[in-house]
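Participant: Everything below, folded, please.
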Amino acid sequence: MKTDSPEVKSSSHAPPSANPATSPLRLAILLGVFMLVAGALLFDRVIAPPRVNAANDKLHDTVLKHNERGLKRSAAKAGEKNASAATSDVGGLMYSEDIQEILGMAPTRVEKTEFYTIEHYRWWGWIPRNTNFITVLYVGDPKRRHYSTHYANELPEDGSLPGKQKFDEKATVLNSKPGDAPVTLPAGPSSGMFTQSLPKAATESAKKGEKSKEVEEPKDDDESKKSDEPAKAEAAKKAASGNGEKKEPAKEAADESK
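Facilitator: Sure, this is the predicted structure:
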């Protein structure tokens, strides 16, 4: 005979175990990510912008004062007898080390070309964000370029970059008449490019030339007639004299017959 032990029955009818508790490590990671995102947004929108504006204003004021001191120094030296000393230290140029001292930080990225150098001072460091930064443009001698200008939260304009070919981006409108539809050409057109309105202008100019020729032709005829009048008069005189000479032999023959 088989007997069921009570231990077997109790194990088969045991209630399901409760769900395991959430791991404290997982909660800590989620909380850390949330705090990191919140801190980045707070820094990007609340903390960094005032710092960038303050650094920009400080750099701007320092450059103005530096230029004023340079002008005063050059004016004072210009009054001296030694003219060479007056021109040896004119302008008071500023260099990269001066800008770094004013801003209190090193450039995050430096962009060098044949004609200029751009230093990027980013409050985000190497994080690819296009906000909260200052760019400084340097020009002059490639070995030691001097400060030219700076921008806050934007790159230098193409007009301020030396060595770039500048064209007027505005289109050029060529029309023969005000009523014609405007036909535009891009700036800096290559040879052989014309607008559709040019053939109209050419045909109109050709018509005007034909009319002017027609008006000038009667004048030429009158002048030719005037120039031919003396020749015709001389020819008439010669013809008259020739007829007279022919009539004389006839008269002589009549006289002889009488």
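Participant: contacts and neighbour counts: CA atoms only from here.
Facilitator: Fine.
Participant: For Tyr121, grab phi and psi.
Facilitator: phi -110, psi 110 (degrees, to the nearest 10).
Participant: May I have the residues that are in contact with it?
Facilitator: Neighbouring residues of Tyr121 by Cα atoms under 8 Å, 6 or more residues apart in numbering: 105-109, 133-135.
Participant: Out of those, the closest to Ala38 would be?
Facilitator: Minimum distance to Ala38 across the contacts of Tyr121 is 20.5 Å, recorded for Phe133 (Cα to Cα).
Participant: Any idea how many residues pack against the nearest residue to that closest one once chain neighbours are set aside?
Facilitator: Excluding its sequence neighbours, the residue lying closest to Phe133 (Cα to Cα, 6 or more residues apart in numbering) is Arg122, at 4.3 Å. Neighbours of Arg122 under the rule other Cα atoms under 10 Å: 24.
Participant: so who does Arg122 touch?
Facilitator: Arg122 neighbours (Cα under 8 Å, 6+ apart): 107-108, 132-134.
Participant: And Asn56, by the same measure?
Facilitator: Going by Cα under 8 Å, 6+ apart, Asn56 touches 134, 151-152.
Participant: Which members of these occur in strands, if any?
Facilitator: 134, 151-152 (DSSP state E).
Participant: Can you pull out the low-pLDDT segments for the stretch 151-258 of the chain?
Facilitator: When residues are selected by pLDDT under 70, those of the stretch 151-258 of the chain lie in 165-232, 237-258.
Participant: rerun that using 50 as the cut-off
Facilitator: Flagging of the stretch 151-258 of the chain using pLDDT under 50 yields the residue ranges 167-176, 182-199, 215, 219, 244-247, 258.
Participant: mind checking how far Leu64 is from Phe133?
Facilitator: 21 Å (Cα to Cα, to the nearest Å).
Participant: Give the buried residues for stretch 95-112.
Facilitator: 96, 99, 103, 107 (16 or more other Cα atoms under 10 Å).
Participant: if we can go back for a sec, so of the contacts of Arg122, which two are at opposite extremes in space?
Facilitator: Counting by Cα to Cα, the most remote pair of those is Pro107 and Asn132, 13.4 Å apart.
Participant: Looking at neighbours, which among the ones in strands among the contacts of Asn56 is most surrounded?
Facilitator: Going by other Cα under 10 Å, Ile134 tops the ones in strands among the contacts of Asn56 with 22 neighbours.
Participant: Now for it: which residues touch it?
Facilitator: 52, 56, 120-122, 150-154.
Participant: Also Val136?
Facilitator: Per Cα under 8 Å, 6+ apart, neighbours of Val136: 118-120, 147-151.
Participant: tell me which of the residues you listed is nearest to Leu27?
Facilitator: For the contacts of Val136, the nearest to Leu27 is His120 (38.6 Å; Cα to Cα).
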